[in-house]
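# Model the structure of this input:
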Amino acid sequence: MFVLSLPLMSDTPFLQAIAVSKIYPGKQQSGVKKTDIVIQPGKITAIIGESGSGKSTLLRLLYGLLSPDEGIVQFKGERIWGPEEKLIPGHDAMKMVTQHTDDLNLFAKVWDNVAAMLPATDLNAKQQKTEQVLKQLNMANMADKRVADLSGGEKQRVAIARAIITRPQVLLLDEPFNQVDTSFREGLQHDIRQIVKETGLTVIMVSHDPAEVLSMADELIVLQNGGIIERGHPKTLYQHPQNLYTAQLLSNCNILTPPEARLCGINATKEYVVVYPEWIKLKLITKTKSWTVNQVLFKGFYEDLILEQNGTLLRIVNEESGKYKEGDKVAVRVGKWLEY
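Predicted coordinates for the structure are as follows:
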């Protein structure tokens, strides 16, 4: 098992961006606008936001693949040089993995793809390190397979193995699980978390999938229109988002106007009311059943019920699969809601 050296014990931030901006002109400006960020070492930080919010631009600024229009990016107090100043862009202490695996040698074995990242000056050490990384990512059984014969998820594991075998201090992941099946994705996420725990590796990831970041990240950074609007622990942001935008990113929530909210027994004082599907329960004993089951969406061990009343739709989680069918009349009780 390899162990990374921890950052210097001082007041110097591990990795930070100071007032950085990178704007792409056009009808709809995109990029990053004058942003400050500090990344904590030995943690998984996830950057989330809608398409065009600046997620990937910020990730590339932190790595050194892009130079900021203004501001500075520093790693352990030293400036990270951009592609204009550095022959091979990207900081030497970092590695980036994207959803694309174009740099893999398709016709070589998995073992050779991973081992190729190490020098051949010490063959014993090369073999040991390759075995360690393949074991850490549960890839030992595919070591002798050609990359061309692997699934998309397996290729993604190879790309990550190639990145971490060189013992970077920071691993950057840009939508790394986009082409990975759900069952395979959870195993890969667990393995990355375990590597972070064992080695102190710092991971920064960009994702659009709430399930991904809620289960994997130690901290979330929410981007909107190129700026950070809030950040915090996933559980805190999910339960108490300060912005409607964040609530929409993290949950398939119901967004109601005050008149619509009154149909649920909520007297709202603000413009929007947010109700998560799991915060709504069906009343078992009541005379007034004013909601109609419009759709029943099978989700495996639970169902999503789409309820309707006077044109207002409400999504709820039903754990008693098969109990309700389309056309049934029901009543609801809302246990919690948010107002914006």
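# end to end, how far does stretch 20-29 reach?
Looking at stretch 20-29, the gap from its leading to its trailing residue is 16 Å under the measure CA to CA, to the nearest Å.
# Report the rounded mean pLDDT for it.
Mean pLDDT, taken over the full extent of stretch 20-29, equals 86.
# again with stretch 55-71
The pLDDT scores in stretch 55-71 average 97.
# Can you tell me what sits against that stretch?
If you take CB atoms under 8 Å, 6 or more residues apart in numbering as the criterion, stretch 55-71 is touched by 15, 17-24, 30-32, 34-35, 37, 39, 47-49, 73, 80-86, 89-91, 94, 96, 172, 174-175, 204, 206, 223, 226. All C-beta spots, glycine's among them, are computed from the backbone N, C-alpha and C.
# Put the buried members of the residues you listed into a PyMOL selection.
Here the buried members of these are turned into a PyMOL selection, burial being counted by 16 or more other CB atoms under 10 Å:
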select buried, resi 15+17+18+20+21+22+23+30+31+32+35+37+39+47+48+49+73+80+82+89+90+91+94+96+172+174+175+204+206+223+226
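# Am I right that residue 129 falls within a strand?
No: note on residue 129: no strand contains this position according to DSSP: H, G, I helix; E, B strand; the rest coil, which reports helix.
# what about it, how many neighbours?
When neighbours are defined as other CB atoms under 10 Å, residue 129 has 19 of them.
# wait, it sits on residue 118?
Yes: in this structure, residue 129 sits in contact with residue 118. The criterion is CB atoms under 8 Å, and the distance is 6.2 Å.
# okay, and the common contacts of those two?
With CB under 8 Å, 6+ apart applied, the overlap between the contact sets of residue 129 and residue 118 consists of residue 165.
# all strands of the stretch 201-340 of the chain, in order?
The residue ranges that make up the strands of the stretch 201-340 of the chain, judged by DSSP state E, counting those that start in this stretch, are 202-207, 219-224, 227-232, 254-256, 273-275, 280-283, 291-298, 303-309, 312-318, 329-334, 338-339.
# and those as CSV, adding mean pLDDT and distance to residue 158?
Rendered in CSV, the data for those read as follows (pLDDT from 0 to 100; distance: least, CB to CB, whole Å):
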stretch, mean pLDDT, distance to residue 158
strand 202-207, 96, 18
strand 219-224, 97, 28
strand 227-232, 97, 32
strand 254-256, 98, 41
strand 273-275, 98, 41
strand 280-283, 93, 43
strand 291-298, 97, 35
strand 303-309, 97, 36
strand 312-318, 97, 37
strand 329-334, 96, 47
strand 338-339, 98, 42
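# Which one of those strands lies nearest to residue 145?
With respect to residue 145, and counting by CB to CB, the nearest of those is strand 202-207 at 26.2 Å.
# which helices and strands sit right next to the closest one?
In this structure, strand 202-207 makes packing contacts with strand 44-48, helix 55-63, strand 170-174, helix 182-199, helix 210-216, judged by 3 or more CB pairs under 8 Å, 6 or more residues apart in numbering; DSSP states H and E.
# Given that strand, what are its sheet partners and their directions?
strand 44-48 (parallel), strand 170-174 (parallel) (DSSP bridges).
# what would those look like in TSV with mean pLDDT?
Formatted as TSV, those follow (pLDDT from 0 to 100):
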stretch	mean pLDDT
strand 44-48	97
strand 170-174	97
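# which stretch among those strands comes nearest residue 340?
Each of the strands paired with strand 202-207 was checked against residue 340 via CB to CB, and the shortest separation belongs to strand 44-48, namely 18.1 Å.
# can you give me the angle that closest one makes with helix 55-63?
If you take axes from the mean of the first three to the mean of the last three CA atoms, to 10 degrees, strand 44-48 sits at 140 degrees to helix 55-63.
# Run through who's touching strand 44-48.
Strand 44-48 is contacted from outside by 39, 55, 58-59, 192-193, 196, 202-208, 210, 212-213, 216-223, 234, 249-250, using CB under 8 Å, 6+ apart.
# and it, C-alpha only, in CSV?
As requested, the backbone C-alpha atoms of strand 44-48 are provided in CSV (Å, rounded to 0.1, in the frame of the first residue of the first chain):
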residue,chain,number,x,y,z
ILE,A,44,-13.2,14.3,-1.6
THR,A,45,-14.6,17.6,-2.9
ALA,A,46,-17.4,17.6,-5.5
ILE,A,47,-18.1,20.5,-7.7
ILE,A,48,-21.8,20.5,-8.9
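# just how off-centre is that strand within its chain?
On the basis of CA atoms, centre = their mean, to the nearest Å, the separation between the geometric centre of strand 44-48 and that of its chain is 6 Å.
# that older thread, distance to residue 244 added to the strands paired with strand 202-207, as JSON lines?
Compiled in JSON lines, the strands paired with strand 202-207 are given as follows (distance: least, CB to CB, whole Å):
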{"stretch": "strand 44-48", "distance to residue 244": "15"}
{"stretch": "strand 170-174", "distance to residue 244": "26"}
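# And the nearest residue to residue 91 once chain neighbours are set aside, how far from residue 335?
Leaving aside its sequence neighbours, residue 91 sits nearest to residue 64 (CB to CB, 6 or more residues apart in numbering; 4.8 Å). The span separating residue 64 from residue 335 equals 47 Å under the rule CB to CB, to the nearest Å.
# between those two, which one's more packed in?
A direct count of neighbours by other CB under 10 Å for residue 64 and residue 335 places residue 64 higher, at 23 against 10.
# gap between the more buried one and residue 83?
Residue 64 is 8 Å from residue 83, by CB to CB.
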